[in-house]
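Q: Quick one: sequence and predicted model below, then my questions.
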Amino acid sequence: MRLAEKGWTKLKAGNLVVLAVFVVLIGAAVLAVGAELQQPPPVQLTSEQDHQRMLDLLHISSIRRGADGDPKSPHAANYDEAKANADAKLPDPLILNNGKPVTTAKMWWTKRRPEIVEYFDREVLGRAPVHTPKVTWEVTSTKKEMNGDVPVITKEIVGHVDNSAYPQITVNIPLTLTVPADAKGPVPVMTEFSFDPAFLAALAKRGVKLPPTPPGPTWQQQVLAKGWGYAVLIPTTYQADNGADLTEGIIGLVNKGQPRKLDDWGTLRAWAWGASRALDYFETDPSVNAKQVGIEGHSRYGKAALVTMAYDQRFAIAYISSSGESGAKLYRHNFGEPLENVAATNEYHWMAGNFLKYAGPLTANDLPVDAHELIALCAPRPVFIGGGATDGDGWADAKGMFLAATAAGPVYRLLGKKDLGTTEFPPIETPLIDGDIAFRQHSGGHTPAPNWPTFLTFASHYFKTPQ
């Protein structure tokens, strides 16, 4: 009987311990939920209000007006090369901040490159957070279909971003991946930052005429003809393209709905972050050769593609189309869109808040870096820079992008690679694709389409189809 009583006493004691642990766990869960409920909702500001907030933090009363695309405007953009400041002194990518020259690849990787990255982080593009939420990828559909006369397998994939730290904001990254159905092994993949069809429809409704699609195969079909795959990423699905939504999307999620600090990342770096997360997925997909994944973008997405390539060394190649100001165009080359336009309320969200001061008390000549150094951050990997003619694409400034590509050449040479091979601006439609930096200006307007065949010829020097 006493043994039974002792057993019963022990059992009761054990149950009490379990019950106590259970109560503690429930209490912790309740407290956690309570804490989440107490978190404030995202701050709601217009682009104009947030822009003004940045100016206030910088103690700037106003910034200079940007240029107009209308040639009849008194504020018309400059399209005269004689007035473009082409002889401006550029920061030397191979001179350390202490004035010492960079003479070895080791010095570039361990000393100079980190200095340049710090400048872009602090003054231009903003700092991406050291830690960002985990992304869990889910394949939502897989289907066999035809693209032209090529049988393909297309996967619809969604990256679910962990929002447990701030449940008020939900972020997902839709991604589409297409590979040849008869591939002999993992294939190279070109990833495009693509415009939302709704955005293109809105432009059409406003009467904006987009360049016509040239006859012949689409860029996707041209990629498939090489035996490669392609992926499409719409960056506005995880970070909207405006200042009012900087407290939403991935930037808002990381900041728990609060406005940015002056050196916080802007939208270009957030879009690049999404491309890096897509590459995380490609590294798990047996149909993709993750060592041969390229990034492509046009216009504002050309800027994002260059930022992606510069910051994530896993991307193997880039096609940067008509990226213009804040892309491959030199800030110091005053032709087409100037820095002041990027600092205005409709584009400032691409950049760090600190960038605005270069349209206020400072100028482009005061920037500690320029676009040639963003291209240099891509070295030694191959980069193709494209643009259209001044008549149709002058806003993006093909000459300014060429000059930046030329000025990045010394870094490529230091790392044992080939530069553009010339400092002479080539005639239109002339491909420069014999080096590891490539360039071509076409006559087809503000579009990437005419340069796709040349880019794919260039990319074939590096990408190999499984046999």
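A: Looks like it came in fine. Numbers count the residues shown, from 1 in each chain.
Q: okay, CA-based contacts and neighbour counts for the rest of this
A: Fine.
Q: ok, how many other residues are close to residue 372?
A: The tally of other residues near residue 372 (other C-alpha atoms under 10 Å) stands at 28.
Q: Provide the secondary structure category for it.
A: helix (DSSP: H, G, I helix; E, B strand; the rest coil).
Q: contacting residues for it?
A: For residue 372, the contact set (C-alpha atoms under 8 Å, 6 or more residues apart in numbering) comprises 328-330, 403-408.
Q: does the nearest residue in space to it that is not next to it in sequence sit in a helix or strand, and which one?
A: Excluding the flanking residues, the one nearest residue 372 by C-alpha to C-alpha, 6 or more residues apart in numbering is residue 404, at 4.2 Å. According to DSSP states H and E, residue 404 maps onto helix 398-407.
Q: Ok, residue 253 next?
A: Counting by DSSP H and E, residue 253 is part of helix 249-254.
Q: which strands and helices sit next to that helix?
A: Helices and strands touching helix 249-254, as assessed by 3 or more C-alpha pairs under 8 Å, 6 or more residues apart in numbering; DSSP states H and E, comprise helix 267-282.
Q: quick one: residue 159 is in a strand?
A: Yes - under three-state DSSP, residue 159 sits within a strand.
Q: Next up, the contacts around it.
A: Taking C-alpha under 8 Å, 6+ apart, one finds 135-138, 172-175 in contact with residue 159.
Q: Any chance of these in TSV with distance to residue 212, neighbour count and pLDDT as columns?
A: Formatted as TSV, the contacts of residue 159 follow (distance: C-alpha to C-alpha, whole Å; neighbours: other C-alpha atoms under 10 Å; pLDDT from 0 to 100):
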residue	distance to residue 212	neighbour count	pLDDT
135	37	20	98
136	38	14	98
137	35	20	98
138	36	14	98
172	32	19	98
173	29	24	98
174	27	22	98
175	26	23	98
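Q: Going by distance to residue 260, which of these wins?
A: Looking at these and their distance to residue 260, the nearest is residue 172, at 20.9 Å (C-alpha to C-alpha).
Q: For residue 236, which non-adjacent residue is closest in space?
A: Leaving aside its chain neighbours, residue 236 sits nearest to residue 196 (7.4 Å; criterion: C-alpha to C-alpha, 6+ apart).
Q: Give the burial count for that neighbour, as a bare number.
A: Residue 196: 14 neighbours (other C-alpha under 10 Å).
Q: from what I can see it touches residue 238, true?
A: No - between residue 196 and residue 238 there is no contact under C-alpha atoms under 8 Å: 11.8 Å.
Q: who are the neighbours in contact with residue 344?
A: 65-66.
Q: ok so it is a helix residue?
A: No - assessed with three-state DSSP, residue 344 is coil; it does not lie in a helix.
Q: circling back: how close does the residue nearest to residue 236 get to residue 131?
A: Separation of residue 196 from residue 131 (C-alpha to C-alpha, to the nearest Å): 28 Å.
Q: just residue 143 next, same as before
A: Here residue 143 is placed at a distance of 35 Å from residue 131 (C-alpha to C-alpha).
Q: in what helix or strand does residue 439 lie?
A: Residue 439 belongs to strand 437-442, assigned by DSSP H and E.
Q: An error on my part: the question was meant for residue 362.
A: For residue 362, there is no enclosing helix or strand under DSSP H and E.
Q: Please work out how many residues are found near it.
A: Residues lying near residue 362 (other C-alpha under 10 Å) number 13.
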